[in-house]
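Asks: based on what follows, work out the 3D shape:
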Amino acid sequence: MANLLRAIFGTSLFLVAAIVSVSSSSAQTAQEAAPKPKPTQPNPKSKPKPKPKPPGEQAAPMVGGVQPTLLGTYGEWGAYTAAPGGKKICFALAKPGKSETVPPNRPRDPAYFFISSRPAEKVKDEVSIIIGYGFKPNSEATIELAGGSYAMYTQGDGAWLKNAAEEPRLVEAMRKGSDVTVKGESARGTATTDVYSLKGLSQALDKIDEECQ
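Replies: Predicted coordinates:
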């Protein structure tokens, strides 16, 4: 099965205030006698902190050396398009809203959930993930949604559904669901659980369907 991440990334698969009341006149007098502090001057070199991007408007990974174009942000999902090598692709992308590792606090690269379409290859709504580490060799990842479980085969830091025939059913369930959970295990034995909100996914999929018919 052709897959998004190989097509995109090639062989390298792979964001107290305290109020003091002074009631005594002596205290008030002492306060008045105390020298007033100089007003704080703004630091001309200080720069305002950049505003965080809205959910879904994440920096998407490069696509075949090309930066994808954001079509729109919908809840926690972004809709993107790109044309590496002249072949147009569209995908919905999200980052996990909640992640856990066992042992806890293990470092890892960013994780992403993709649903992609590639008209030139007649591929629509392909489900794949980047987990943010190298999977344990010969291991499986799983997608859990609404009491159901979907097995994924792994390679490097990516994973795809073992049974591509399940993709339409999974995507339809995701359109109607509230969140989806991805579980996997790294080559070093770290177990991870990523929870992705599905808010906005249906609109993001509609947008990429319009763009990549």
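Asks: my guess is residue 182 meets residue 112, correct?
Replies: No - taking C-beta atoms under 8 Å as the definition, residue 182 is not a contact partner of residue 112, at 10.2 Å. Yep, even glycine has a C-beta here, placed from its N, CA and C like the rest.
Asks: shared neighbours, the two?
Replies: Each of residue 129 lies in contact with both residue 182 and residue 112 under the rule C-beta atoms under 8 Å, 6 or more residues apart in numbering.
Asks: so which strand or helix has residue 117?
Replies: Taking DSSP states H and E as the definition, one finds residue 117 inside strand 112-118.
Asks: buried ones in that strand?
Replies: Buried residues in strand 112-118, counting neighbours by 16 or more other C-beta atoms under 10 Å, are found at 112-118.
Asks: elements contacting the following helix or strand past it?
Replies: Moving toward the C-terminus from strand 112-118, the next helix or strand (DSSP H and E) is strand 123-130. Other elements packing on strand 123-130 under the criterion 3 or more C-beta pairs under 8 Å, 6 or more residues apart in numbering; DSSP states H and E are helix 4-9, strand 112-118, strand 158-161, helix 167-176.
Asks: re earlier: let's have the buried residues of strand 112-118 in TSV, adding pLDDT.
Replies: Formatted as TSV, those follow (pLDDT from 0 to 100):
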residue	pLDDT
112	96
113	97
114	96
115	97
116	95
117	95
118	94
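Asks: show me which of these is closest to residue 166.
Replies: For the buried residues of strand 112-118, the closest approach to residue 166 (C-beta to C-beta) belongs to residue 115, at 13.3 Å.
Asks: could you check how far the closest one is from residue 189?
Replies: The gap separating residue 115 from residue 189 is 29 Å, by C-beta to C-beta, to the nearest Å.
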